[in-house]
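Trainee: sequence first, then the predicted structure:
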Amino acid sequence: MGTLPEPFAGWFAARGWTPRPHQLALLRAAEAGESALLVAPTGGGKTLAGFLPSLLDLHRAPRRGLHTLYVSPLKALAVDIARNLTAPIAGMGLPVRVETRTGDTPANRRARQRADPPHLLLTTPESLTLLLTLPEARALFGGLAAVVVDEVHALAGTKRGDQLALCLSRLGALAPRARRVGLSATVAHPEPLRAFLSPTGRAEAVRLIEARGGAAPEISVMLPEGHLPWGGHMGLASAPEIHRRIREARVTIVFVNTRAQAELIFQALWRLNDDTLPIALHHGSLTVEQRRKVEAAMAAGRLRAVVATSSLDLGIDWGDVDQVIQVGAPKGVARLLQRVGRANHRMEEPSRAVLVPASRFEVIECAAALGAIAAGELDGDPPRPGGLDVLAQHVLAMACHGPFHPDELYAEVRRAAPYADLPRRDFDDVLRFVEDGGYALRAYERFRRLFRDAQGLVHVRDRRVARQLRMNLGTIVETPMLKVRLRGGPVLGEVEEWFVSTLSPGDGFLFAGQALRFEGLDGLTCVVSRGAEGELRVPVYAGARMPLSTYLAARVREIIHDPRRWKALPPPVREWLRLQRRYSALPEPDGLLIETFPRGGQWFLVAYCFEGRLAHQTLGMLVTRRMERMGHGPLGYLATDYVLATWSAFEPTDVEALFEEDILGEDLEEWMAESSMLRRTFRTIATIAGLIEKRHPGAAKSGRQMSMNADLIYDVLRRHEPDHVLLRATRREAAAGLTDVGRIARLLARARGRIRHMRLDRVSPLAVPALIEHGHEWVAGGAEDALLAEAAALVEEATEGAEIFAGTLAAVAESVHVRAGMVDRPRRPRGKAPRRSGSVRSAARGAARP
Amino acid sequence: MSPAPFYLAGERLLLDPSGALFWPARRLLAVADLHLEKGSHFAARGGRFLPPYDTRETLARLAPLLRRYRPARLVALGDSFHDAEGHARLAPADAALLRRLLDGADVVWVLGNHDPVAPEGLPGQAVAEWREGPIAFRHIGGATTPEVSGHFHPRATAPTRCGGVTRPCFVADARRVLLPAFGAYTGGLDARDPAIAALFPRGARLFLLGRDRLYSLPAPPAPRRPATGATGTALP
């Protein structure tokens, strides 16, 4: 192609490389001074493409000062890219210095970087925000020529993305001529990503460069040789096959969906690992040192396999990975392709991947995903407006940098795409919130954090405010965690506080790939020793409790509805669907199947709507509201992509009435406001906005009983100032997790007169996978009081002893069942009794108790 | 709202589902741990602007109780204000409301660890503890004679057939009644916590607050060696 000057052309040639078309296209955009978004599959030489124009520029016109800023969502990625850039820079003898700046950068290097910045600075959104709060930010970034944002698709549409967009907008004010480069994996909607990068907030200002093609991936599905579980996510039955495949390949990444699953699979593989293949574990709760060690061993080719969660989803180049195994359902086609792309980091060769469904239901999901890939369909969420909580943090950060005029800051914020439509009222309310809380009752005027001078400029009151901001910076709100330390040994990582609260000394659990025995709490550390016996528990994490949308509902529905398509499914799955038909019924295309059954002292209702998670979430609010009105005592619900499941204290009898169209007339506001969904959203928003202190590891709590609870604040604020900006932000964000009522109306209209209600004595085969899903929402009705009354009455009847009481309670829980003759039985073909399969019950018992 | 009768030192007391205690024979109403002005405490100390409505909310809970029981004496069992300067930060409207509420009753401010000084500008007397007949009213309990106290913000989880339900609660035995915290911004401490369990070595009765009644459950005696929180089971 010969368009590269020396020494670049020679360097490429020496490696037998030719510049790729998209690399050259990006170069042309840079020379025209234009911003650009490069969308390319993994292995397309994206990172080099992003830096090439900067390297050429610095070669042509060497200079001092910061030239290019690179922002990545992962610290590790920034570090890795810095390493990868060193080779070409040294090889070509370029006058370029590369450095990283993350939370791990030591203070003396940070100070030096401020005085003498490198040419290329590699950082994360959080560290960039911190840099922008410095008084000298203008001098540091004034000469900036380019900003490279890596993995844009992973940032845009998230709160970290909102934060970065605001920072980009600030950079646009400090260095108006700096062009922007976005690097993205293949996505369903590139337009919002262009807008995200754009200096104007509009997509047109950013050139779109798409590297098409790449070899199609080769993806196969592997089933365990033995029993295929009914439900569950773990995939342990496939461990022998996974181990065999690891042995046969050079380097394998085994992707799983949750940290708990990573621990279990890792453990299962090592039990089989007689030839002691080097197999490692990588997930977000392990210590940083441990993760770095694994990454380094992987990069050095010392590992044959690593079991990983999404902590390895993004960009780090492992070179030699030649096989990806996805255990459990691929949650989303785009995500699956990204993971598959981790194998064989070369675009021309097909990536090889194996899907290992963990249950019969996941086999159908895998089939649906392969269908979607073959049809070239991608999924992904549409863009959503930026969060006001992130804006509050940004406003304070900007005030810490220096005085600003509200009009100018408002204009600057609106140049960030997520805030392009931000009403002035919201901006002013956020500014007032930062100032003194923004309450109608102006109680805090004398404690203001900001003040305005005669020119209308906004200043921070004192340095203390900046210190406080730094403590609270960032948009990732962690659930309270406790360190796990071996007695007299190292820290192994962190588990959630509530998990530890369920442990008694002597209990065993699986963590960091080891069987650990809980010894006790030492301050904020969970002290453990090696070698637990008996049944081991596995820590689960709130992050993993968030449901993952698969976007495959429509395809799964088609497969289940149409028995002719079952022949593409493996025999155990066909048998499972047939069993569902025998034991209950199959969901039919033009009807709505609803099952009710007792389980664990509660009544479950499962509606097979197949309308996607957001629609089911909304429907869950409506149906439980109606259940409350009808006295069923609803306790909570679960929305998956496929079904809505509710559970209640009493049997939901008139099921048709729960799905009548007039439930749309229910007044939901109060009902929703009390739900766990809104409360959780408020907690996150209040933390990011700085209302509630972020929990800092090691910071001792000031008296446990006094700890400030987000729920209490929420309740008081809701009662006394329902229109406060944080409550508006909470409702708006929660609404993004719901769907438009029109869609629900169509669903209910379709179901009218076609509801098939099956009353069962226990969970049906098809309901098992749904009940094991994560993401339960609670509702607050009268059920709790009804249950308390019941429990108190039991105590009255029983004698005083606690044990007797517990026994009585268990007896009551078990006695919640349907009376004989009340159970619906489907037309039973040729008198063959439904098999009472033990596996249904055992799988159901493993379910997370809602 | 139906209160539950409870006998202490032979006296009939009423435990109210709002978390207050009423002694009909003496027309005495006791509430614990109001923590008034907790919200503004954080604004004054650290520039953290919690909604400044907690005082208003707490007073709104207190008002119907005063209307219903018409006590001759109101005993606030300490930590009535979140800090020693709390009374000075009362918003004018809240201060006026508080004075209106207190009008007509003898007010006793038992001093707590959060508010070790008498609140200025408010009616009533401040005391380290209050004795009324056979019963002592103090902030932190622990005596061997009959007493009513606060401080610990007890709450408990009742097992039900659909899982545990957690509520603030009274903890009581033949010698003492521990009141739940009444304030809007007050969290809770599990009644199984050794700090609370130690006050009830022979077990206790828990009264969980409900919408309109209390739910009574037994709490077994604390283990002899209260080692870690995980071993002290106050509830089945």
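Mentor: Now that the structure is in, tell me what you want to look at. Being a predicted model, the structure only gives us computed values, none of them experimental.
Trainee: check contacts around whichever residue of chain A sits closest to chain B.
Mentor: Chain B sits closest to residue A:437 of chain A, with a gap of 2.8 Å, by CB to the nearest CB. All C-beta spots, glycine's among them, are computed from the backbone N, C-alpha and C. Counting by CB atoms under 8 Å, 6 or more residues apart in numbering or on different chains, residue A:437 touches A:443, A:444, A:691, B:43, B:49, B:50, B:51, B:52.
Trainee: run through chain B and note the low-pLDDT ranges.
Mentor: Counting by pLDDT under 70, the ranges of chain B that qualify are B:222-236.
Trainee: residue of it closest to chain A, please.
Mentor: For chain B, CB to the nearest CB, closest residue to chain A: residue B:49, 2.8 Å.
Trainee: and that residue, how far from residue B:142?
Mentor: Counting by CB to CB, to the nearest Å, the separation of residue B:49 from residue B:142 is 37 Å.
Trainee: settle it for me: which of those two has more neighbours?
Mentor: Higher neighbour count among residue B:49 and residue B:142: residue B:49, with 25 against 11, using other CB atoms under 10 Å in any protein chain shown.
Trainee: against residue B:38, how distant is that one?
Mentor: 13 Å.
Trainee: ok, which stretches of the stretch 51-200 of chain A are helices?
Mentor: A:75-92, A:107-115, A:125-133, A:137-141, A:152-155, A:159-174, A:190-197 (DSSP state H, counting those that start in this stretch).
Trainee: so which of those is nearest residue A:280?
Mentor: Closest to residue A:280 of the helices of the stretch 51-200 of chain A is helix A:75-92 (CB to CB; 14.8 Å).
Trainee: now do the buried residues in the helix or strand hosting residue A:338.
Mentor: Secondary structure from DSSP states H and E places residue A:338 in helix A:333-340. By neighbour count on 16 or more other CB atoms under 10 Å in any protein chain shown, the buried set for helix A:333-340 is A:333, A:334, A:335, A:336, A:337, A:338, A:339, A:340.
Trainee: do the same with stretch B:184-201
Mentor: For stretch B:184-201, the neighbour count (16+ other CB under 10 Å) marks B:184-197, B:199-200 as buried.
Trainee: about what we covered before: and the gap between the residue of chain A closest to chain B and residue A:469?
Mentor: Noted for residue A:437: a distance of 16 Å to residue A:469, by CB to CB.
Trainee: near the residue nearest to residue A:687 when sequence neighbours are not counted, how many other residues are there?
Mentor: Among residues not flanking residue A:687 along the chain, residue A:477 sits closest, at 4.7 Å (CB to CB, 6 or more residues apart in numbering or on different chains). Using other CB under 10 Å, residue A:477 has 18 neighbouring residues.
Trainee: in helices, which of the buried residues of stretch B:184-201 fall?
Mentor: Of the buried residues of stretch B:184-201, the ones assigned to helices by DSSP state H are B:194, B:195, B:196, B:197.
Trainee: so where is the stretch 451-600 of chain A shaky, pLDDT-wise?
Mentor: Along the stretch 451-600 of chain A, the parts satisfying pLDDT under 70 run over A:478-480, A:523, A:540-550.
Trainee: re the thing from before, which one of the contacts of residue A:437 is nearest residue A:536?
Mentor: Residue A:536 lies nearest to residue A:691 out of the contacts of residue A:437, by CB to CB, at 39.3 Å.
Trainee: report the longest strand in chain B, please.
Mentor: Identified as the longest strand of chain B according to DSSP state E is strand B:163-172.
Trainee: that one pairs with which strands, parallel or anti?
Mentor: Next to strand B:163-172 in the sheet, as set by DSSP bridges, lie strand B:154-160 (antiparallel), strand B:176-178 (antiparallel), strand B:204-209 (antiparallel).
Trainee: from residue A:219, how far out is the residue lying closest to residue A:279 once chain neighbours are set aside?
Mentor: Nearest-residue entry for residue A:279: residue A:305, 4.5 Å, with adjacent residues in sequence omitted and distances by CB to CB, 6+ apart. Distance, residue A:305 to residue A:219, using CB to CB: 18 Å.
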